[in-house]
Every structure is written in C-alpha cells, then in structure tokens.
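A.B. asks: Model the structure of this input:
(one chain, ligands or ions: 1)
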Amino acid sequence: MNFFRRSAVLGSRGLCFSTLNAVRAMSSSGGPTPPFTTLSVTHPANHITHVELHRPEKKNAMNKAYWSEMVDCFNQIAEDSECRVVVFSGAGKIFTAGIDLMDIAGDLLQPKGDDPARIAWYLRGIICKYQKTFSVIEKCPKPVVVAVHGACVGAGVDLITACDIRLCTQDAWFQVKEVDVGLAADVGTLQRLPKAIGSRSLVNELALTSRKMYSDEAKSCGLVSRVFPDKDSMIAGALEIAGEISGRSPVAVQGTKINLLYSRDHSVTEGLDYMATWNMSMLQTQDIMKSAQAVLEKKSPKDVIFSKL
Ligand SMILES: CCC/C=C/C=C/C(=O)SCCNC(=O)CCNC(=O)[C@H](O)C(C)(C)COP(=O)(O)OP(=O)(O)OC[C@H]1O[C@@H](n2cnc3c(N)ncnc32)[C@H](O)[C@@H]1OP(=O)(O)O
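C.D. replies: Got it, this is the predicted structure:
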C-alpha cells in the first residue's frame with residue numbers, strides 16, 4: 001500500500017517545479033497525510049521525500065499516534081525505491097515541544113501490571129517501543145536531513161540526533177528538557193548526543209541542567225552544520241543538500257550512511273572489516289562505471305540515470 005500523498009508540487013514523480021515553488025509548498029502544506037494524523041509526507045522533487053511533523057496547534061507535541069506513525073512512515077520510506085533522501089521538518093511556529101505531556105499520563109504514569117515485575121516489564125516494553133520511533137530514522141538507509149526552526153524540546157533532541165544532517169534557523173533553540181519533567185532522557189539523546197557533539201562536558205551540562213542552547217552555540221559545538229536566517233531559506237538549503245544527495249548513486253549514498261553509522265559505533269579495525277565485506281558486493285554495481293564515465297566526461301553525477309535501489 002502506498003499511503004504517501006503525492007505532493008501538489010509534483011503531479012507525479014518526475015515533474016519537478018522550481019526550488020522556490022517547492023519551498024513555498026513545503027512551508028504551507030495542507031495537513032497530515034492519511035492514514036497519518038501527525039505527519040505530512042510529500043514529494044517536493046524527484047527522489048526526495050519530505051516528512052513534516054504536523055500538529056502545529058499543539059506545537060508538534062508527540063502524542064501516542066505519533067510514536068507509532070513514525071515507525072510506519074520510515075519503514076515505508078526504507079522500502080520505497082523511488083526515495084533516495086528525506087527532508088524532515090516541523091509545521092507551524094516551532095519544530096516540536098517534545099513528548100505530549102497530556103498524553104503520557106495513561107501509559108507511563110499509570111502503568112499496567114499486577115505486581116512490580118509485571119509493571120516493570122510493561123514499562124520496559126513501552127520505552128523500547130518509543131526508542132524505536134527514532135531508531136527507525138537511523139536504520140533507514142536513506143539519509144535524513146532535519147531542518148529545525150524555533151524550539152526543539154525534549155524528545156525533539158532525541159529525534160534530531162538520529163538524523164544524518166542537521167540544519168537550523170537563527171531563532172532555533174534546543175533543550176534536553178527531560179530532567180525538568182522528572183526523568184532521564186530514555187529515547188536516544190543520552191546515547192546519540194555525545195556522538196554528535198565533541199564536548200562531553202557540554203553534553204553533561206545540557207542534559208543535567210536542561211538549559212537552552214541557541215543556534216550559534218549549536219553551530220559552534222557541531223550539533224548543526226548550518227544556520228539559516230529563516231525557515232524558507234533553511235528549507236531551500238535542505239532541498240539543495242537533498243538534491244545533491246539524490247543526484248548521486250543510491251548504492252554509494254546508502255552504503256556511505258550505513259558504514260558511517262557502523263564505524264561510529266565500532267573500532268576502526270571493525271569498521272574497515274565491515275566496509276570490506278560491504279563493498280565486496282557493492283563494488284559490483286554498474287553505478288561505478290556510469291559515475292566514473294560522467295566524471296571523465298566532466299558531467300555532473302546528476303546527469304547519470306541510476307537504477308532504483
Ligand atoms: C518513554 C518516554 C520517552 C520520551 C520522553 C520525552 C520527554 C520530553 O519530551 S520532555 C519535554 C516535554 N516538553 C515540554 O516540557 C515543553 C512544554 N511546552 C512548552 O514549554 C511551550 O509550549 C513551548 C516553549 C514549546 C512553546 O510555547 P508557546 O507559548 O509558543 O506555546 P504554548 O501556548 O505553550 O502551547 C500552544 C499549545 O500547545 C500545547 N503544548 C505545548 N507543548 C506541549 C506538550 N509538550 N504537550 C502537550 N501539549 C503541549 C499547549 O498546551 C497549548 O495548547 P492549548 O492550550 O490547547 O492551546
């Protein structure tokens with residue numbers, strides 16, 4: 001079943017309007033894409049999928065539906081051979097206010113179970129399920145470019161640390177808010193933030209005090225790679241990066257994402273071994289010959305037609 005709405009920008013894949021039109025459409029999308037109730041999924045250009053958090057009236061707070069819709073959405077994207085790269089952003093005034101505090105009461109604060117062991121087991125299941133919501137981004141072989149404007153609070157930081165490229169607007173701020181609501185962040189921030197930024201001391205400070213970090217500091221510490229003056233220019237920048245990625249061999253791009261992540265979590269020796277095993281298959285692709293020929297003919301990789309992956 002293909003439940004992603006084909007964007008108004010594209011009548012069908014392959015018919016691509018200008019970046020400006022795409023930015024306008026992406027900044028004012030119509031609403032969640034059925035059957036989703038919290039996500040809008042569109043296709044602003046060839047091979048690019050745009051996923052937008054879409055509960056603007058609640059500042060994109062992550063309710064129960066959201067936690068499972070993300071898994072369905074990214075599993076679908078992982079299987080979609082037309083998609084080569086994802087742009088992720090938030091609708092409305094801010095990126096996200098984090099977990100929906102009105103919605104967590106049932107599951108987390110009144111857990112089911114006849115005794116402490118059963119209650120603990122139930123809670124463990126929920127935490128693992130919630131962790132999956134962001135791990136699917138990392139597990140998706142297509143690179144994910146996240147574009148943050150305004151606030152990115154709590155679970156928002158868990159989300160963005162699972163993405164491959166992080167951009168933000170000048171007015172963006174980031175807050176590891178969990179200690180303020182009485183819990184240790186448990187869906188990825190404590191594991192991934194130290195891999196995203198170099199200073200362990202800064203990670204500890206942010207996570208233990210929940211102070212806000214503004215865009216300039218986010219750029220200087222490496223959490224984001226670029227800061228844009230406003231949302232439109234950021235979405236244009238995200239689309240440009242996505243266009244560069246989608247124009248290259250999907251074998252090369254997906255192999256690069258998977259091996260970068262593997263190497264992040266393993267020794268250099270293990271990473272090299274994994275790489276050798278990976279490329280002993282992937283070097284057999286026709287994409288190398290096609291790409292090398294384009295280089296020799298001084299053409300862009302974007303001129304090459306690659307098979308789907
Ligand atoms: C196993 C679990 C793992 C996950 C753990 C995750 C933990 C976390 O995410 S901790 C962080 C939780 N989030 C927060 O503490 C942020 C709360 N919100 C805010 O501080 C402000 O809303 C914000 C600064 C983000 C924006 O302020 P602004 O003045 O622009 O908007 P508001 O008037 O406050 O909000 C507008 C409506 O949205 C509702 N809302 C905002 N945030 C949440 C939220 N997190 N959960 C539920 N609802 C939220 C707010 O109530 C307003 O609704 P309404 O009154 O109906 O208009």
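
A.B. asks: Close to the ligand: what parts of the stretch 101-250 of the chain are there?
C.D. replies: Taking C-beta under 6 Å from any ligand atom, the part of the stretch 101-250 of the chain that reaches the ligand is made up of 101-102, 108, 127, 130, 151, 153-155, 177-178, 181, 186-187. Just so you know, the C-beta spots here come from the backbone N, C-alpha and C atoms, and that holds for glycine as well.

A.B. asks: between the residues you listed, which is closest to the ligand?
C.D. replies: Closest approach to the ligand among these (C-beta to the nearest ligand atom): residue 154, at 2.2 Å.

A.B. asks: what's the closest one sitting at in phi/psi?
C.D. replies: phi 50, psi -120 (degrees, to the nearest 10).

A.B. asks: May I have the residues that are in contact with it?
C.D. replies: By C-beta atoms under 8 Å, 6 or more residues apart in numbering, the residues touching residue 154 are 97, 98, 99, 175, 176, 177, 178, 181, 185.

A.B. asks: got CSV for the residues you listed, with secondary structure too?
C.D. replies: CSV is the format used below for these (DSSP: H, G, I helix; E, B strand; the rest coil):
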residue, secondary structure
97, coil
98, coil
99, strand
175, strand
176, coil
177, coil
178, helix
181, helix
185, coil
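
A.B. asks: PyMOL command for the buried members of those residues?
C.D. replies: To isolate the buried ones among these in PyMOL, judged by 16 or more other C-beta atoms under 10 Å, type:
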select buried, resi 97+98+99+175+176+177+178+185
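
A.B. asks: In the contacts of residue 154, find the pair that's most separated.
C.D. replies: Between any two of the contacts of residue 154, the greatest separation by C-beta to C-beta is 15.1 Å, found for 97 and 185.

A.B. asks: All the strands of this protein, in order from the start?
C.D. replies: Counting by DSSP state E, the segments of the chain that form strands are 39-45, 48-53, 85-90, 144-148, 151-153, 165-169, 173-175, 213-214, 226-228.

A.B. asks: Can you tell me what sits against the fourth one?
C.D. replies: Contact with strand 144-148 is made by 85-90, 95, 137, 156, 159-160, 162-169, 172, 174, 224, 231, 234-235, 237-238, 241-242, 245, as judged by C-beta under 8 Å, 6+ apart.

A.B. asks: The last one now?
C.D. replies: Strand 226-228 is touched from outside by 167, 168, 169, 170, 172, 215, 216, 218, 219, 234, 237, with contacts defined as C-beta under 8 Å, 6+ apart.
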